[in-house]
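> sequence and predicted structure, then a few things I'm wondering about:
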Amino acid sequence: MANSVAISVHNLSVSYGENKVLDKLNFEINSGEFIGIVGKSGEGKTTLLNTLAGFVKYNGSIDLRGDIGFCFQNHSLFYWMTVAENIGFGLGNMSRNQKQEIVKDVLKRIELEKYEDKYPMELSGGQMQRVALGRAIAYNPGVLLLDEPFSSLDIYTRDQMIDWILKIISELKVTILMVTHYLDEALILADRVFVLKNKEIINELIIPFSKPRTLAVRFTEEFQNIKKDLSLIINPYKPEF
């Protein structure tokens, strides 16, 4: 199962009017893989996620197995609903007992069991983002799409979220694609990193660090060298390290 293909994309092209955003993308992603998608702003990273989610018209073919969970840049929580109600919102026609059991399990996973009756405005930014992720995984999707989920957080809180994701990633039997501008995030979490540039995937990097990982991997010389090389691929004139 771990080696089965979860997403298969062939000749994927997307245009907004006369403006072509993605051009003939081809890739396959195995079940359970974590893919980081990086590149400069305007290269089509979010468009790729939106296309895989079915939000955007496209040419080509997408074979995606399983339901999709989506976590946006803005957590998009319902402020008039409690934490528990937000998490249970997308569970459809399940019985009340089924929903309660799932919500209870998700609250435990996102470490917010004591906050189930709180409203979003009573939470910190990191807690709200955890609720958004909890809502996305509540119905056990086969594919989880993350669009810069930690971009609005300060560096300290972002590192806490990365550390939290590292702890639960092995528990989630899910294929993950994450768009990020934060290279540390991609290199710490992903199995492979796609670089989007000029409407196509120009580079695919296999991350050499074994799992499970910790945040400490970023302090190794190998990590810093890979980060530097990746920065130069994204922007040859302005490395980010």
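Ah, there it is.

> so where is this structure shaky, pLDDT-wise?
Across the chain, the ranges flagged by pLDDT under 70 are 1-3, 237-241.

> just the strands in it please.
5-16, 19-30, 34-38, 59-64, 68-71, 143-147, 175-179, 192-197, 200-206 (DSSP state E).

> name whatever forms a beta bridge with D63.
Counting by DSSP bridges, D63 forms beta bridges with S8.

> quick one: contacts for it?
Contacts for D63 were tallied using C-beta atoms under 8 Å, 6 or more residues apart in numbering; they are V5, I7, S8, V9. All C-beta spots, glycine's among them, are computed from the backbone N, C-alpha and C.

> could you do M81 as well?
Here M81 is in contact with F89, Y119, P120 (criterion: C-beta under 8 Å, 6+ apart).

> so the residue lying closest to L22 once chain neighbours are set aside versus D163, what's the distance?
Using C-beta to C-beta, 6 or more residues apart in numbering and skipping residues adjacent in sequence, the residue nearest L22 is V14, 4.3 Å away. From V14 over to D163 the distance is 34 Å, taken as C-beta to C-beta, to the nearest Å.

> more neighbours: which of these two?
Set V14 next to D163 and count neighbours by other C-beta atoms under 10 Å: V14 wins out with 21 against 12.

> what about stretch 144-164, distance to the chain center?
Relative to the centre of its chain, stretch 144-164 is centred 10 Å away, using C-alpha atoms, centre = their mean, to the nearest Å.

> next: stretch 18-34.
With C-alpha atoms, centre = their mean as the basis, stretch 18-34 stands 14 Å off its chain's centre.

> next one: stretch 124-142
Put simply, stretch 124-142 sits 11 Å off its chain's centre (C-alpha atoms, centre = their mean).

> buried ones in that stretch?
By neighbour count with 16 or more other C-beta atoms under 10 Å, stretch 124-142 contains the buried residues 126-138, 141-142.

> quote the end-to-end distance of stretch 80-96.
Taking C-alpha to C-alpha, to the nearest Å, stretch 80-96 runs 20 Å from one end to the other.

> try stretch 204-218
Stretch 204-218 stretches 20 Å from its first residue to its last (C-alpha to C-alpha).

> now stretch 9-22
12 Å.

> which parts of it are buried?
Applying 16+ other C-beta under 10 Å to stretch 9-22 flags V9, L12, S13, V14, S15, V21, L22 as buried.

> likewise stretch 191-205?
Buried residues in stretch 191-205 (16+ other C-beta under 10 Å): D191, R192, V193, F194, V195, L196, K197, K199, E200, I201, L205.

> would you point out which residue is most central in this structure?
Closest residue to the average C-alpha location of the chain: L146 at 2.5 Å, with C-alpha atoms, centre = their mean.

> and it, what does it touch?
If a contact means C-beta under 8 Å, 6+ apart, then L146 has C71, L133, I176, L177, M178, V179 as its contacts.

> max pairwise distance over the buried residues of stretch 9-22: which two?
V9 and S15 (16.2 Å; C-beta to C-beta).

> for the closest residue to I29 other than its chain neighbours, list the residues it contacts.
Spatial nearest neighbour of I29, chain neighbours left out: I7 (4.2 Å); criterion: C-beta to C-beta, 6+ apart. Contacts for I7 were tallied using C-beta under 8 Å, 6+ apart; they are F27, E28, I29, L52, I62, D63, L64, R65, V143, T175, L177.

> take the residues you listed and lay them out in CSV including distance to S210.
CSV is the format used below for these (distance: C-beta to C-beta, whole Å):
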residue, distance to S210
F27, 23
E28, 22
I29, 20
L52, 28
I62, 31
D63, 30
L64, 28
R65, 27
V143, 24
T175, 19
L177, 21
